[in-house]
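Chemist: give the three-dimensional model of this entry:
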Amino acid sequence: MTTEEVISTVTRKGQVTVPVEFRKAHNIKEGSNVAFFKQEKDWCELTLVSLQKLEDLAGVDSGRISYKEAVKKLDRMRKNDRY
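Modeler: I've put the predicted structure just below:
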């Protein structure tokens, strides 16, 4: 496992820019969600994880049905399954 270091400055509002090479490598775009994990050691290690959205996990049916259509279908199925 290789380690790559890029330094980014925290703004007054607490914002940090994710460097472009990391955004491209991990498909982080405007509106993407990320999670932060803190591990206490002799020094603090902060891990940034890119979270995938539901519509990005379409799998083998990708392109066959839109996200909105899938949600409508799931809602109908849930309604029919209620006792």
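Chemist: what's the pLDDT at residue 19?
Modeler: pLDDT, residue 19: 90.
Chemist: thought it was touching residue 9?
Modeler: No: the pair residue 19 / residue 9 is not scored as a contact, 11.4 Å apart, by CB atoms under 8 Å. For the C-beta atoms, the positions are set from N, CA and C on the backbone; glycine is no exception.
Chemist: more crowded one of the two?
Modeler: In this view residue 19 and residue 9 are compared by other CB atoms under 10 Å, and residue 19 has more residues nearby, 13 against 7.
Chemist: what sits against that one?
Modeler: The contact partners of residue 19, taken as CB atoms under 8 Å, 6 or more residues apart in numbering, are 6, 8.
Chemist: quick one: list the elements packing against the longest helix belonging to the chain.
Modeler: Longest helix in the chain, counting residues (DSSP state H): helix 67-81. Helix 67-81 sits against no helix or strand, with contacts defined as 3 or more CB pairs under 8 Å, 6 or more residues apart in numbering; DSSP states H and E.
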